[in-house]
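Q: Prediction below, plus the sequence it came from.
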Amino acid sequence: MDFIGSHILSIDQFERVDIDRIFDVARMMEPYAKRHRVTKVLDGAILGNMFFEPSTRTRVSFGCAFNLLGGEVRETTGFENSALAKGESLYDTARVLSGYSDVIAMRHPAEGSVREFASASRVPVINGGDGANEHPTQALLDLYTIEKELTGKGRAIDGLRIGMIGDLKHGRTVHSLAKLLSRYKNIELHLVSPAALQMPEALVEMLRGADHRVTISDNLESSISNVDIVYSTRIQEERFCSKEEADLYRGKFRLNQSVYTQHCEPNTVIMHPLPRDSRAEANELDSDLNENPNLAIFRQTDNGIVLRMSLFALVLDVVDKVDDSAQAVRWYTGSRFQ
C-alpha cells in the first residue's frame with residue numbers, strides 16, 4: 001500500500017509486504033525509543049489523540065511515539081470531556097479536529113466509528129480500537145513481538161504454533177491478530193474459550209481458508225502443551241450487558257507458574273495485550289509469572305512505541321528524514337532498555 005497520507009483503520013489494508021515494511025521501519029526506530037538518540041523530524045507537527053473509551057497504554061503509547069519523533073500531542077479523553085456529549089456528530093468532530101492536527105489517533109467504543117470519523121477527516125486517522133471490531137496497531141505490535149521472540153529462538157512466523165485464550169468473541173486484539181496471521185504460512189492455532197465466547201466464525205473460516213490448522217477448545221491445559229506462544233486475553237466486561245454476565249466467564253482460564261511448568265514447553269512465550277485482570281476472581285495471568293523470562297507482556301508494551309513510531313513516520317512521509325536531525329541524548333537514561 002501507499003502509506004503516505006493514508007488512514008490506518010484495519011488489518012485488511014495490509015499485504016505481507018506492507019507488514020514487512022512497517023517492521024523494517026520499526027527496527028529503525030529502536031535507537032530513538034531506547035533513548036540512544038533523539039530526533040526532531042516531526043518538530044511542529046501535532047497529533048490529535050482522541051480517546052473516547054478508557055485507555056492507559058494505547059493512549060500514552062501513541063503520544064510518546066509522536067513525542068519521540070519530535071511532535072506535539074493534544075488530546076481529549078472520554079465522552080464527558082468532548083463535544084460528543086453535547087450531541088456533536090462524528091462528522092463534525094472530524095472536520096474540526098482535523099483542522100487542528102496533522103494526524104489523529106482515535107479510540108471509540110462503537111464498531112465502525114473510527115472509519116466513519118476518518119471519512120470526514122482532512123488528515124490521516126489511525127485506529128486505536130473501535131469497539132469489539134479491530135485494534136490494528138495492537139495486532140501489529142503483537143506480531144512484531146512474536147517475530148522478535150521467535151527470531152531469538154531461531155524460528156520465524158511461518159510455522160508458528162499459537163494458543164489464543166479467553167474472550168475471543170469480543171477481543172478486538174485477537175480479531176486483528178488473526179487477520180494478520182492469515183498473511184503467513186503453515187500456522188497452527190488453538191482457540192480456547194467458553195462456547196459463548198468463541199472466535200467469530202467468519203474469522204475462523206478465514207484462517208482455515210488460508211490453509212492454517214485451527215482447533216477450537218474449552219480446555220486450557222491440553223491446548224497450551226505444544227505451542228510457541230500463549231496469548232491470553234481478559235474478559236471484555238465493557239462489551240457485556242452487565243458485570244454479572246461477565247462474571248459468569250471470569251477466571252475460567254488461569255495461567256500461573258505451576259500450570260506453565262506442568263503443561264507448557266520450556267520456551268513457550270507468554271503474551272497478553274494488557275491490561276491483565278489481576279483481581280482475585282479473574283487473575284488470568286498470575287503474578288507468580290512475573291519473574292518468568294518467557295513472560296513478554298512488558299516487551300510488548302515497549303514494542304508498541306517503535307511500531308507506532310513506524311506508522312507515524314510512514315504516514316507522514318519522514319522515514320528517510322528521521323536521522324537528519326538526530327543528536328545524542330543529553331539526559332540520564334539508566335539501564336531500563338537493556
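A: Here it is on my side, so go on.

Q: for the most centrally placed residue in the chain, what are its contacts?
A: By CA atoms, centre = their mean, the mean C-alpha position of the chain lies nearest to Q138, the distance being 0.8 Å. In this structure, Q138 makes contact with T58, G129, R172, T173, S176, L177, P273, G304, judged by CB atoms under 8 Å, 6 or more residues apart in numbering. Every C-beta, even on glycine, is put in place using the N, C-alpha and C of the backbone.

Q: now those residues in JSON lines, with secondary structure and neighbour count?
A: Listed next are the contacts of Q138 as JSON lines, based on DSSP: H, G, I helix; E, B strand; the rest coil; neighbours: other CB atoms under 10 Å:
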{"residue": "T58", "secondary structure": "helix", "neighbour count": "25"}
{"residue": "G129", "secondary structure": "strand", "neighbour count": "25"}
{"residue": "R172", "secondary structure": "helix", "neighbour count": "23"}
{"residue": "T173", "secondary structure": "helix", "neighbour count": "23"}
{"residue": "S176", "secondary structure": "helix", "neighbour count": "27"}
{"residue": "L177", "secondary structure": "helix", "neighbour count": "28"}
{"residue": "P273", "secondary structure": "coil", "neighbour count": "27"}
{"residue": "G304", "secondary structure": "helix", "neighbour count": "28"}
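
Q: nearest to L189, of those?
A: Looking at those and their distance to L189, the nearest is L177, at 9.9 Å (CB to CB).

Q: from memory that closest one sits against D142, does it?
A: Yes: counting by CB atoms under 8 Å, a contact exists between L177 and D142, whose distance comes to 5.4 Å.

Q: Next, show the common contact partners of the two.
A: Taking CB under 8 Å, 6+ apart as the contact criterion, the common neighbours of L177 and D142 are Y231.

Q: So this structure: which segments form each domain?
A: Domain ranges of the chain: 11-135+302-328, 136-298, per automatic domain parsing.

Q: pLDDT check: weakest of the contacts of Q138?
A: Across the contacts of Q138, the member with the lowest pLDDT is R172, scoring 86.

Q: isn't it right up against P136?
A: No: contact criterion CB under 8 Å: R172 and P136 do not qualify, at 9.2 Å.

Q: Mind jotting down where the strands sit in the stretch 101-250 of the chain?
A: Along the stretch 101-250 of the chain, the stretches classed as strands by DSSP state E, counting those that start in this stretch are 103-108, 125-130, 161-165, 188-192, 213-217, 229-232.

Q: Can you give the contact residues for the last one?
A: Right, the one you point to is strand 229-232. 142, 146, 149, 160-166, 174, 177, 224, 253, 255, 264, 268-272, 276, 284-285.

Q: Please repeat the previous calculation with a cut-off of 6 Å.
A: Strand 229-232 is contacted by residues 146, 162-166, 224, 255, 268-272, 284-285 when judged by CB atoms under 6 Å, 6 or more residues apart in numbering.

Q: Among those residues, show me the least confident.
A: Ranking the contacts of strand 229-232 by pLDDT puts E284 at the bottom, with 83.

Q: Kindly tell me how buried that residue is, as a neighbour count.
A: If you count neighbours by other CB atoms under 10 Å, E284 ends up with 23.

Q: Give me the distance between the nearest residue to it once chain neighbours are set aside and F253.
A: Excluding its sequence neighbours, the residue lying closest to E284 (CB to CB, 6 or more residues apart in numbering) is S232, at 5.4 Å. To F253, S232 is 7 Å away according to CB to CB, to the nearest Å.

Q: The two: who's more crowded?
A: F253 (25 against 22).

Q: my guess is the more buried one contacts I165, does it?
A: Yes: counting by CB atoms under 6 Å, F253 does reach I165; the two are 5.1 Å apart.

Q: picking that back up, quick check: pLDDT value at the residue nearest to E284.
A: Confidence per residue is given as pLDDT, and for S232 that number is 93.

Q: For it, list each beta-bridge partner.
A: Applying DSSP bridges to S232 yields these beta-bridge partners: I165.

Q: distance of it from V259?
A: Taken as CB to CB, the spacing of S232 relative to V259 amounts to 11 Å.

Q: What is the neighbour count of the nearest residue to R35 once chain neighbours are set aside?
A: Once its chain neighbours are removed from consideration, R35 has its nearest residue in T333; the separation is 4.2 Å (CB to CB, 6+ apart). By the criterion of other CB under 10 Å, T333 has 11 neighbours.

Q: Now the phi/psi pair for T333, please.
A: phi -120, psi -10 (degrees, to the nearest 10).

Q: you'd agree it is up against K34?
A: No: between T333 and K34 there is no contact, the gap being 8.0 Å when judged by CB under 6 Å.

Q: Show me the shaky parts of the stretch 201-338 of the chain.
A: 236-242, 245-249, 251, 282, 337-338 (pLDDT under 70).

Q: Identify each buried residue in stretch 177-193, please.
A: By neighbour count, with 16 or more other CB atoms under 10 Å as the criterion, the buried positions of stretch 177-193 are 177-184, 187-193.

Q: actually stretch 259-269, not the one I typed
A: Neighbour counts over stretch 259-269 (16+ other CB under 10 Å) mark V259, Y260, H263, C264, T268, V269 as buried.
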